[in-house]
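>>> here you go, sequence then predicted model.
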Amino acid sequence: LAAWGVSAPGDLGWMDPPDPGQIDTARDLLMTLGGLDRRGRITAHGKTMAGIGLHPRLAHMILQGIRKDQGFTACLLAALISERDIIGFDRSGPTPVSDPDIRLRLEVLEKIMNRRPVSVQGGMVKTGLARRVIRAARMMMKTVPGSSGSGNNSGRVDIEAAGSLLAAGFPDRIAKLRSSGGHAYVMASGKGAVLKQACSLSGRGFIVAAELDGNPANAGIFLAAPYSLEDLEQDFSGEFAAADTLEWDEHRQAVRAAREVWFKKIRVRTARLSSFDQDRAAFLFLEQIRKAGLDILPWTKSLKGFRDRVLFLRMAGGFDHLPDLSEAYLLDTLESWLGPFLTGIYSFKALQKADVTAALTALFSWQDRQTVDSQAPSHLVVPSGSKKPLKYSAGKSARKAPILEVRLQEMFSLLQTPTVANGSVRVTLHLLSPAGRPVQITDDLASFWKNTYPEVKKDLMGRYPKHYWPDDPVNAVPTARAKPRKSK
């Protein structure tokens, strides 16, 4: 159409208009091949391509081959792609045999031209069809302009040039292996391609796929040639783009700063950057902490206990002036309380060295910390003199009343239940046997001594006869031993 002076196909009076998407794709390809300029008008190179009478991909490949003095090899490739496969592989068995490497076809053609024996493992050469391909290639050489170079007309076949030649005509099908040892590739167009089975191309870092099946997402490869990064950089030196990226690396669990080099939709290489936008990196890292939740932070036992005590006091009432340490609030305000303490930290591994204690306690004034310690102490000294921890949390939530686990004998002489939060909350006592098993749970110690202790005493005396079980616990000597020490 461009050769006829039509740069906007939509302006024509079509009886059945072509798909606009396909028109755009064709225009983009012709621009890539140099057949159209940026305004959609045909170029001198495009006119030469049109005069060859082949698909633009093949015409451009042949012209590029002639420029490199590899015109005849390019014509053989064009003829091979235009015909049915010259090798018939056995696909009837339980493990069908097939090799899409186009170099295998070039080897067959070269041997036939040199009158040498031809055989292909697992396949049968269609000799008549192969000779027709050779004749078609020779005919192309006679009709293509500028094919007078010695390498073009000598009949020499440069088999290892197949990748570079195909890349000229199929730049959007240059493909990079997705993962080492696999068969899946990503093409320069961004689409996927896959080798259906192990073959001579398996494991190649780069290939060029000349023939594909119709799968739009992950096309099967019928014909291809090996390629290399070195050839890609030489053949398309002006078509690489570099971009600096700063993103979360899920595998390394860290913010990654890198300079990526791309050829169209293929990421060719990645190099780590030591210099990057630290504010942006900190923002990305805090977002990942927010997604992971507070459990990702390196909480010490002491710091978790401090947070539990603050949550308890705020729930108990009368302590709303204390900072909010709820998970929702802390995650929402990470930038203000945690961010200043994460300088140079951008990975979950490095996060384990962060001083979260300093970050969290910095929210509290000296007076606030004194309030927490006095109104929600971490430990209580019981009548026996032992210092026992108070449990303020139940999993991730604060308890309505803290729990004190203590052996019953250590509480002798204490009449009233201990309280916290300015006396507004009574501690829940888990009174234990000498073996550490609960024998009573109560928040009313006076009632327990009066009403329940006599029955509990009978049971404990039977199980622990060597221990001290007085009749009057309120006036008895508390002990952390089996029996109180005898006074001298």
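Looks like it came in fine.
>>> list the contacts of stretch 132-145.
Contacts to stretch 132-145, defined as C-beta atoms under 8 Å, 6 or more residues apart in numbering, come from residues 48, 51-54, 62-63, 66, 71-72, 75-76, 78-80, 82-83, 86, 109, 112-113, 147, 152-153. In this view, the C-beta of every residue, glycine as well, is placed from N, C-alpha and C.
>>> PyMOL command for the buried members of the residues you listed?
Here is the PyMOL command that selects the buried residues among those (16 or more other C-beta atoms under 10 Å):
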select buried, resi 48+52+54+62+63+66+71+72+75+76+78+79+80+86+109+112+113+147+152
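>>> looking at the contacts of stretch 132-145, which are in helices?
Residues of the contacts of stretch 132-145 located in helices (DSSP state H): 48, 51-52, 62-63, 66, 71-72, 75-76, 78-80, 82, 109, 112-113, 152-153.
>>> SS state for Glu211?
strand (DSSP: H, G, I helix; E, B strand; the rest coil).
>>> what's near enough to touch it?
Going by C-beta under 8 Å, 6+ apart, Glu211 touches Ile81, Pro100, Ile221, Phe222, Leu223, Ala224.
>>> try 10 Å this time
80-81, 85, 100, 102, 170, 173, 219-224 (C-beta atoms under 10 Å, 6 or more residues apart in numbering).
>>> include secondary structure, pLDDT and distance to Ser413 when you put those into TSV, please.
As requested, the contacts of Glu211 are arranged in TSV below (DSSP: H, G, I helix; E, B strand; the rest coil; pLDDT from 0 to 100; distance: C-beta to C-beta, whole Å):
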residue	secondary structure	pLDDT	distance to Ser413
Leu80	helix	97	102
Ile81	helix	97	99
Asp85	coil	94	99
Pro100	coil	95	91
Ile102	helix	97	96
Phe170	coil	97	93
Arg173	helix	96	89
Ala219	strand	95	85
Gly220	strand	94	86
Ile221	strand	96	87
Phe222	strand	94	92
Leu223	strand	96	94
Ala224	strand	97	90
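>>> which of the residues you listed sit farthest apart?
Within the contacts of Glu211, Leu80 and Ala219 form the most distant pair, 18.8 Å apart (C-beta to C-beta).
>>> measure the residue lying closest to Phe319 once chain neighbours are set aside to Ala328 for me?
Leaving aside its chain neighbours, Phe319 sits nearest to Leu313 (4.0 Å; criterion: C-beta to C-beta, 6 or more residues apart in numbering). Distance check for Leu313 against Ala328: by C-beta to C-beta, to the nearest Å, it reads 18 Å.
>>> distance of Val194 relative to Ser202?
According to C-beta to C-beta, Val194 and Ser202 sit 11 Å apart.
>>> where does pLDDT dip in the stretch 1-150 of the chain?
Residue ranges of the stretch 1-150 of the chain with pLDDT under 70: 1-21, 91-96, 147-150.
>>> which parts of it are strands?
87-89, 123-125 (DSSP state E, counting those that start in this stretch).
>>> and what of the stretch 251-400 of the chain?
254-263, 266-272, 379-381, 387-394, 397-407.
>>> bridged to Tyr185, which residues?
Counting by DSSP bridges, Tyr185 forms beta bridges with Leu177, Ala193.
>>> against Arg178, how distant is it?
6 Å.
>>> relative to Ser447, how far out is Ser413?
According to C-beta to C-beta, Ser413 stands 16 Å off from Ser447.
>>> between the two, which is the more surrounded one?
Ranked by neighbour count (other C-beta atoms under 10 Å), Ser413 and Ser447 place Ser413 first, with 16 against 12.
>>> ok so the more buried one is a strand residue?
No - counting by three-state DSSP, Ser413 is not part of a strand but coil.
>>> chain center to stretch 433-445: distance?
Distance of stretch 433-445 from its chain centroid, counting by C-alpha atoms, centre = their mean, to the nearest Å, is 51 Å.
>>> I'd like to know which of the contacts of Glu211 are buried.
Among the contacts of Glu211, those classed as buried by neighbour count (16+ other C-beta under 10 Å) are Leu80, Ile81, Asp85, Pro100, Ile102, Phe170, Arg173, Ala219, Ile221, Phe222, Leu223, Ala224.
>>> which of the residues in stretch 465-476 are buried?
Under 16+ other C-beta under 10 Å, the buried positions of stretch 465-476 are His467, Tyr468, Trp469, Pro473, Ala476.
>>> no no, stretch 230-240
By 16+ other C-beta under 10 Å, the buried positions in stretch 230-240 come out as Asp231, Leu232, Asp235, Phe236.
>>> same check, this time on stretch 423-431
Applying 16+ other C-beta under 10 Å to stretch 423-431 flags Val425, Arg426, Val427, Thr428, Leu429, His430, Leu431 as buried.
>>> gap between the two ends of stretch 466-483?
Counting by C-alpha to C-alpha, to the nearest Å, you get 8 Å between the two ends of stretch 466-483.
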